[in-house]
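Undergrad: just need the structure, nothing else, for what follows:
(one chain, ligands or ions: 1)
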Amino acid sequence: MTELQSQKNQVGAHRATDFDVIVVGAGFAGMYMLHKLRTLGFTARVYEAGNDVGGTWYWNRYPGARCDVPSLQYSYQFSEELQQEWQWPEKYSTQPEILRYANHVAERFDLRKDIQFNTRVASVILNESTNTWTVKTDRGDQVTARFCVMAAGCLSSKNIPKIPGLADFQGEWYHTGNWPHEKVDFTGKRVGIVGTGSTGIQAIPMIAQEAKHLYVFQRTPQYSVPARNTPLDKEEEVRIKADYKGYRTRNNSQPFAQDLSIPTTQTFEVSEEERRRRYDECWEKGGLGMMLAFADSGTNREANETISSFVKEKIQQIVKNPDVAKLLLPDHIYACKRPCLDTNYFETYNRPNVTLVDISRAGIERVTTRGVRAKGKEYDLDCLVFATGFDAMTGSLNNIDICGRAKQPLKEKWADGPRSYLGLSSAGFPNLFTITGPGSPSVLANMIPAIEQHVNWIGDCLQYLCERGLRTIEATVAAEDPWRIQVQTAADATLWTACDNWYQGANIPGKPRAFMPYVDWVGYVAICEEVAKNSYQGFALQ
Ligand code: N01
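TA: This is a model prediction of the structure:
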């Protein structure tokens, strides 16, 4: 330990801790947090449940897994050298490519030496008398730290539906969020898949190409737009890399932290023909741009209806069997559930080896030894795939026994929905931070820039505390309560609360309904900067 590190370790604590900071998770958040802490001179240990880095991109190895944010944007910007040297082969990268990038970052910045893999954090307990945290793992480690940073991921706690009989199934079953490392070969097999969200929509066309027969058990049809992925446009890469810093800065000041041109025109300001022309253009271009054809698509129901009608028309054109097409027509607000991008998703239902099973009313009755029973019919299966999503944003935190002041479990404090200030910190849990936690833009922004913004903020905050000899920082209830209302109010002004989606916990039976991500990325960044500038207003510092 260097002298500076040692000083930091002693500052304010009644006794030295094993580390200045414990970081939970070695995905993109944990990796950059570790790098940042090192450059600031803090000692840190990262615990990671997987056997290598990558987080989401380590676990989600299902066929077809790919990011739907262009890779020139879905990547780190903290190192100019890194962003200049790395070359993405495609516009939207595959999971193996993103994982390759994560590995490169780990090697380039020599991160692995401070990461303990194959280790799941079991508990994080505050010792109020010393203002330190004790972290215990499933491998028997017990370490102390002044600070804890939870980088456990927003979409990492798997949702495996409690369907009766699953334990009796004689075939193989998988959840897409914990996919085997070796290839799963579906050749010649009868496969069932449950779930038609972003994941299912990517996996279904790939599995259908291999399986003898694929049964898609669909509870809710989803909208999807062609991704139209291409090899990376080299000219675009050169242009962006000529001023990557400027490009990132401009994107960071855009809604969703992405290179999107935000329109000012309202849907009904133009003629029906012009509207149609713009939607056709978005469809042909591919990507998530459909919502950006007009300014009011996310707030005005009638405006939104013009997009959903357009996409439904496309589904009916693509899917040849009109009965199947009808079952695939969503009836919720467009993009209220996270919009999906696909490659040949609807086309896949034209294949003779694919059957769509509508389980919208009764769900799956049970899993049997031989397959699945739904709508009174038995489907014999060799493999069953759950693309059923995640206990988003709070699941990965609630899975850990985190106890703050007066031994209050975080889970108990959040029993009616998450309570935090800025999605960064929760009252009663001093010196504990969450990266892209509930109450921050998180999943409603380009994730890697959102992670970097949080890590930078936390890094500055730790430095501020140490430079002033301060022992603790803790969100105040007085700041946290209005923030919770602000998060919900911002969402209520949009159509994101107009359907059952995981943003508000609706996908998990019994989970309290509360809108979790903060809608306004640009406003949020400004608030965070203001809070730090005003000596961490809204936080108690001791
Ligand atoms: O999960 P989801 P996901 N019986 O929750 C169904 C990101 N992501 O893994 O809508 C039957 O969206 C459920 O039905 P319903 C992205 O942010 C990004 O697909 O609840 N069905 C739904 O169809 C995304 O939003 C990328 O009625 C059940 C599906 O399972 C997030 O991850 C790629 C069921 C779950 O959809 C999560 O996506 C992939 C049950 N008991 C993921 N329980 C890209 O960047 C659930 N379902 C491209």
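
Undergrad: from here on, just use CA atoms for contacts and neighbour counts.
TA: Noted.

Undergrad: residue contacts, K136?
TA: Shown in contact with K136 (Cα atoms under 8 Å, 6 or more residues apart in numbering): 121-124, 142-143.

Undergrad: what comes up buried for stretch 147-156?
TA: Under the neighbour-count criterion of 16 or more other Cα atoms under 10 Å, stretch 147-156 has 147-156 buried.

Undergrad: identify the residues contacting that stretch?
TA: Under Cα under 8 Å, 6+ apart, the answer for stretch 147-156 is 20-27, 29-30, 55-56, 132-133, 177, 389-397, 431-437, 442-443.

Undergrad: next step: the residues you listed restricted to strands.
TA: 20-24, 132-133, 432-434 (DSSP state E).

Undergrad: dump the host helix or strand of C528 to CSV, restricted to CA.
TA: Assigned by DSSP states H and E, C528 belongs to helix 521-533. Output in CSV follows, covering the C-alpha atoms of helix 521-533 (Å, rounded to 0.1, in the frame of the first residue of the first chain):
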residue,chain,number,x,y,z
TRP,A,521,-30.7,12.0,-18.9
VAL,A,522,-29.6,15.6,-19.8
GLY,A,523,-31.4,17.1,-16.8
TYR,A,524,-30.0,14.4,-14.5
VAL,A,525,-26.4,15.0,-15.4
ALA,A,526,-26.9,18.7,-14.7
ILE,A,527,-28.5,17.9,-11.3
CYS,A,528,-25.6,15.7,-10.4
GLU,A,529,-23.1,18.4,-11.3
GLU,A,530,-25.0,21.0,-9.4
VAL,A,531,-25.2,18.7,-6.3
ALA,A,532,-21.4,18.2,-6.3
LYS,A,533,-20.7,21.9,-6.9
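
Undergrad: packing partners of that helix?
TA: Other helices and strands packing on helix 521-533, by 3 or more Cα pairs under 8 Å, 6 or more residues apart in numbering; DSSP states H and E, are helix 447-467.

Undergrad: near the ligand, anything from the helix it packs on?
TA: No - under the criterion of Cα under 6 Å from any ligand atom, the ligand is not reached by helix 447-467; the shortest gap measures 9.8 Å.

Undergrad: kindly report the same for stretch 512-532.
TA: No - judged by Cα under 6 Å from any ligand atom, stretch 512-532 makes no contact with the ligand; its nearest approach is 11.6 Å.

Undergrad: which residues touch that stretch?
TA: Against stretch 512-532 from outside (Cα under 8 Å, 6+ apart): 252-257, 393, 415-418, 422, 437-445, 453, 457, 461, 487-488, 490-491, 497, 503-506, 537-538.

Undergrad: looking at the residues you listed, which are in helices?
TA: Counting by DSSP state H, the part of those found in helices is 252, 453, 457, 461, 487-488, 490-491.

Undergrad: farthest-apart pair in these, please.
TA: Farthest-apart pair in the ones in helices among the contacts of stretch 512-532 is C461 and A491; separation 28.1 Å (Cα to Cα).

Undergrad: where does the stretch 1-150 of the chain dip in pLDDT?
TA: For the stretch 1-150 of the chain, the stretches flagged by pLDDT under 70 are 1-15.

Undergrad: tell me which parts of it are close to the ligand?
TA: So the stretch 1-150 of the chain meets the ligand at 66-68 (Cα under 6 Å from any ligand atom).

Undergrad: may I see the buried residues of whichever strand or helix holds A102?
TA: Element membership for A102 (DSSP H and E) is helix 95-108. Across helix 95-108, burial judged by 16+ other Cα under 10 Å covers 95, 97-103, 105-106.

Undergrad: next SSE downstream of it?
TA: strand 115-116.

Undergrad: now do that next one: everything it contacts.
TA: Under Cα under 8 Å, 6+ apart, the answer for strand 115-116 is 26, 45-48.

Undergrad: about what we covered before: what packs against the helix holding A102?
TA: Using 3+ Cα pairs under 8 Å, 6+ apart, helix 95-108 sits against helix 56-59.

Undergrad: can you give me the angle the strand ranked longest in the chain makes with helix 447-467?
TA: With secondary structure taken from DSSP E, the chain has its longest strand at strand 142-150. Calculated by axes from the mean of the first three to the mean of the last three Cα atoms, to 10 degrees, strand 142-150 forms an angle of 120 degrees with helix 447-467.

Undergrad: what residues sit buried inside the helix or strand just after strand 142-150?
TA: Toward the C-terminus, strand 142-150 is succeeded by strand 172-175 as the next helix or strand (DSSP H and E). By 16+ other Cα under 10 Å, the buried positions in strand 172-175 come out as 173-175.

Undergrad: which of those lies closest to V357?
TA: Nearest member of the buried residues of strand 172-175 to V357, counting by Cα to Cα, is W173, at 18.3 Å.

Undergrad: and the residue lying closest to that closest one once chain neighbours are set aside, how many neighbours does it have?
TA: Nearest non-adjacent residue to W173, counting by Cα to Cα, 6 or more residues apart in numbering: L384, 4.6 Å away. Burial of L384, expressed as a neighbour count using other Cα atoms under 10 Å, amounts to 23.

Undergrad: separation between L384 and Y174?
TA: 6 Å (Cα to Cα, to the nearest Å).

Undergrad: can you pull out the residues in contact with stretch 199-219?
TA: 62-66, 176, 185-196, 340-345, 348, 353-361, 363-364, 387-389.

Undergrad: mind running it again at 7 Å?
TA: 62-65, 186-196, 342, 344-345, 348, 353-360, 363, 387 (Cα atoms under 7 Å, 6 or more residues apart in numbering).

Undergrad: which ChimeraX command selects the buried ones in those?
TA: A single ChimeraX command selects the buried members of the contacts of stretch 199-219 (16+ other Cα under 10 Å):
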select :62,63,64,65,186,190,191,192,193,194,195,196,342,344,345,348,353,354,355,356,357,358,359,387
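
Undergrad: now, which of the contacts of stretch 199-219 lie within helices?
TA: Those of these lying in helices (DSSP H): 345, 348.

Undergrad: quick one: name the residues of the stretch 351-500 of the chain near the ligand.
TA: Near the ligand, when you scan the stretch 351-500 of the chain using Cα under 6 Å from any ligand atom, you find 363, 387-390.

Undergrad: so among those, where is pLDDT lowest?
TA: Within those, G363 has the lowest pLDDT, namely 92.

Undergrad: got the phi and psi for that one?
TA: phi 70, psi -170 (degrees, to the nearest 10).

Undergrad: can you start the count at 621 instead of 1 from here on
TA: That works, and once the first residue is 621, the last one we named lands at G983.

Undergrad: check contacts around it.
TA: Applying Cα under 7 Å, 6+ apart, the residues near G983 are 839, 994.

Undergrad: if you set the cut-off to 8 Å instead, what comes out?
TA: Taking Cα under 8 Å, 6+ apart as the test, what G983 contacts is 839, 994-995.

Undergrad: out of those, which is nearest to the ligand?
TA: Among the contacts of G983, R839 lies closest to the ligand (Cα to the nearest ligand atom), at 4.7 Å.
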